[in-house]
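A.B. asks: Give me the fold of what follows.
(one chain, ligands or ions: 1)
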Amino acid sequence: MTDDLSDRTILLTGGTSGFGRVAAVDLAHRGATVAVVGRDESMGATLVEQSSDLAGTIAFHQADLASQSTVRSLAATVKHEYDHIDVLAHNAGLSVGSRRESPDGIEITLAVNHLAPYLLIYELLDHLRDAPNPRVVITASDIHRRATLDFDDLQLTDGYDSLDAYARSKLANIAFTIELDDRLPDDSAVTVNCVHPGFVPSTDLFREASLRTRLLVRIAGLVPGVATSKQAAADRLQTLLVDPQYGSVSGQYVGSDGPADPTPEATNQVVRRRLWEMSAELVGVPPDWPTPRTN
Ligand SMILES: NC(=O)c1ccc[n+]([C@@H]2O[C@H](COP(=O)([O-])OP(=O)(O)OC[C@H]3O[C@@H](n4cnc5c(N)ncnc54)[C@H](OP(=O)(O)O)[C@@H]3O)[C@@H](O)[C@H]2O)c1
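C.D. replies: Model prediction:
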């Protein structure tokens with residue numbers, strides 16, 4: 001573990017609750033400047049209060065990442081307020097019980113879990129490149145193994161199932177990570193990885209899920225050896241964010257024992273490229289990014 005993080009500025013979405021909140025406090029305890037993003041103002045305020053005695057600082061940026069205009073405003077704020085960002089950690093995620101759409105008319109799980117990091121990284125990539133060894137980390141999940149990316153109905157308009165929508169968004173996280181790594185110019189110092197934090201039933205992830213899903217999560221959490229604690233998940237996330245061992249590792253899906261093979265669909269180049277292009281269209285950006293830096 002790297003103990004002194006006083007030179008590190010970390011943008012952490014999904015840091016208001018769950019293991020993201022634990023990681024935010026730990027990182028600030030080690031001296032980092034942590035910019036936490038979430039929707040819940042009061043959770044953000046108590047987190048800032050809680051960090052007042054720590055070596056580093058936590059700032060809260062209220063943003064609903066379901067909205068693309070909010071993601072763009074957040075990126076503008078970050079560029080204005082932080083002269084550099086060493087780590088962009090996209091940990092925000094949700095699962096909902098029944099199908100609903102974002103303000104942009106996109107199925108909400110896809111919008112928050114996949115399109116928000118796609119757009120936020122697009123908007124902040126050049127700013128990240130100002131840091132000496134910038135890292136991008138996305139929180140994915142092993143549940144992606146039950147998913148498939150049906151490009152004819154990516155937003156599950158037909159026969160919605162909330163766990164399918166969630167698993168699909170996490171498969172998209174991994175395919176996006178691998179495709180972004182492939183597309184980063186050779187001279188780029190940016191690394192991009194995604195992580196499976198473990199099964200952490202003690203978080204608020206399934207707060208909006210159906211009763212059936214919440215019950216299943218609770219029962220599964222009681223099976224010995226299955227659940228991961230919030231602290232253990234936060235530790236795993238932090239390893240990718242700041243540990244030297246991941247300083248030059250890129251394009252990996254990381255589980256409990258280090259880099260692991262995701263489902264073959266995540267590595268399939270045709271699938272990755274199609275997802276990239278559809279994502280670009282859905283958030284309204286040109287698909288031919290990243291481009292080499294001009295300055
Ligand atoms: N728990 C597990 O078993 C598990 C397993 C694998 C992967 N994961 C992933 O781990 C990450 C963290 O989840 P968690 O388990 O710690 O759940 P959690 O306690 O519900 O935390 C989710 C975080 O995401 C934020 N968030 C959700 N929707 C948002 C939105 N529209 N805009 C901005 N922020 C939003 C929440 O903040 P606000 O409430 O303030 O908006 C919260 O900070 C997620 O990506 C999840 O998919 C979890």
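
A.B. asks: contacting residues around Leu171?
C.D. replies: Counting by CB atoms under 8 Å, 6 or more residues apart in numbering, Leu171 touches His144, Ala147, Thr148, Leu149, Pro262, Thr263, Glu265, Ala266. No exception for glycine: its C-beta is placed from N, CA and C like everyone else's.

A.B. asks: The ligand: which of those is nearest?
C.D. replies: Minimum distance to the ligand across these is 9.3 Å, recorded for His144 (CB to the nearest ligand atom).

A.B. asks: Now that closest one: phi and psi?
C.D. replies: With angles defined as degrees, to the nearest 10, His144 sits at phi -60, psi -20.

A.B. asks: Tally up the residues packed near it, please.
C.D. replies: 26 (other CB atoms under 10 Å).

A.B. asks: Look up how far Thr203 lies from it.
C.D. replies: Distance of His144 to Thr203, given as CB to CB, to the nearest Å: 18 Å.

A.B. asks: Next: Gly105.
C.D. replies: For Gly105, the distance to Thr203 - CB to CB - is 28 Å.

A.B. asks: same thing with Arg273?
C.D. replies: 33 Å.

A.B. asks: Same question for Arg145.
C.D. replies: On the measure of CB to CB, Arg145 and Thr203 end up 20 Å apart.

A.B. asks: same question, Asn193
C.D. replies: 21 Å.

A.B. asks: And for Ala147?
C.D. replies: 20 Å.

A.B. asks: Which one's more surrounded, these two?
C.D. replies: Taking other CB under 10 Å, Ala147 and Thr203 do not tie; Ala147 has more neighbours (22 against 19).

A.B. asks: Tell me, what's the model's pLDDT at that one?
C.D. replies: In this prediction, Ala147 carries a pLDDT score of 96.

A.B. asks: Contacts only, for it.
C.D. replies: Counting by CB under 8 Å, 6+ apart, Ala147 touches Asp164, Ala167, Arg168, Lys170, Leu171, Thr263, Glu265.

A.B. asks: Skipping its backbone neighbours, what lies nearest the residue of the stretch 51-200 of the chain found nearest the ligand in space?
C.D. replies: Using CB to the nearest ligand atom, Gly93 is the residue of the stretch 51-200 of the chain that sits closest to the ligand, at 2.3 Å. Spatial nearest neighbour of Gly93, excluding adjacent residues (CB to CB, 6 or more residues apart in numbering): Asn113 at 4.9 Å.

A.B. asks: Just give me the neighbour total for Gly20.
C.D. replies: 26.

A.B. asks: does it sit in a helix, a strand or a coil?
C.D. replies: helix (DSSP: H, G, I helix; E, B strand; the rest coil).

A.B. asks: How much space separates it from Arg272?
C.D. replies: From Gly20 to Arg272 the distance is 26 Å (CB to CB).

A.B. asks: and if you look at Asp288?
C.D. replies: 15 Å.

A.B. asks: Between the two, which is the more surrounded one?
C.D. replies: A direct count of neighbours by other CB under 10 Å for Asp288 and Arg272 places Arg272 higher, at 23 against 10.

A.B. asks: What strand or helix carries the more buried one?
C.D. replies: helix 269-283 (DSSP states H and E).

A.B. asks: Mind listing what's buried along that helix?
C.D. replies: The neighbour-count check on helix 269-283 (16 or more other CB atoms under 10 Å) flags Val271, Arg272, Arg274, Leu275, Trp276, Met278, Ser279, Ala280, Leu282, Val283 as buried.
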